[in-house]
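J.: okay, here's the prediction I keep looking at, along with the sequence it came from:
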Amino acid sequence: MQWRWARDSWLSRGGLILTYDKLEHFLTYLSLTSIGTLLQFDKTIPALILIGILWEIKDALLPYEKAGFWGGDGFSWKDLLANFAGIALGFIWLQGVLL
C-alpha cells in the first residue's frame, strides 16, 4: 500500500452533510466530545484523538476510488487539526459549563 497525502484546502467543499469539510470535522468532534463528557466517559478525549489519527491513516492507505466511503483522499493534517480544535473547544466549553 502506498501512503497518500491529501491536497485539500481549508475551505474544501467535500463534506458529507455540510458543504465545508473542515467545519464538518470540527463540529463532529465538538459534538462527540460533548456527548462523551456528558455521559461521563472518562476516556473521551484520548479515544477521540486516537480515532481521528487512525481515520486519517486509513484515508492515507485506502483510496476512495477503491473503498468508497471507507476510503479517503489521503492523510490530511487540516482534517486532523479541525478534529483537535473541536475536541479542545468541546472540553474547554464543558469545563466552563459543568463547573
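T.: Sure, I can see it.

J.: can you tell me which residues contact Thr28?
T.: By C-beta atoms under 8 Å, 6 or more residues apart in numbering, the residues touching Thr28 are 83, 86. C-betas here are computed from N, CA, C, even on glycine.

J.: any idea how far it is from Pro63?
T.: Distance, Thr28 to Pro63, using C-beta to C-beta, to the nearest Å: 22 Å.

J.: before we move on, what about Gly96?
T.: To Pro63, Gly96 is 42 Å away according to C-beta to C-beta.

J.: these two: who's more crowded?
T.: Legend: neighbour count by other C-beta atoms under 10 Å for Gly96 and Pro63, higher for Pro63 (16 against 8).

J.: am I right that that one is in contact with Trp70?
T.: No. With contact taken as C-beta atoms under 8 Å, Pro63 and Trp70 are classed as non-touching, separated by 10.2 Å.

J.: list the buried residues for stretch 69-76?
T.: Of all the residues in stretch 69-76, those buried under the rule 16 or more other C-beta atoms under 10 Å are 71-76.

J.: now Leu39. Its backbone dihedrals?
T.: Backbone geometry at Leu39, expressed as degrees, to the nearest 10, gives phi -80, psi 0.

J.: kind regards, and thank you for your time.
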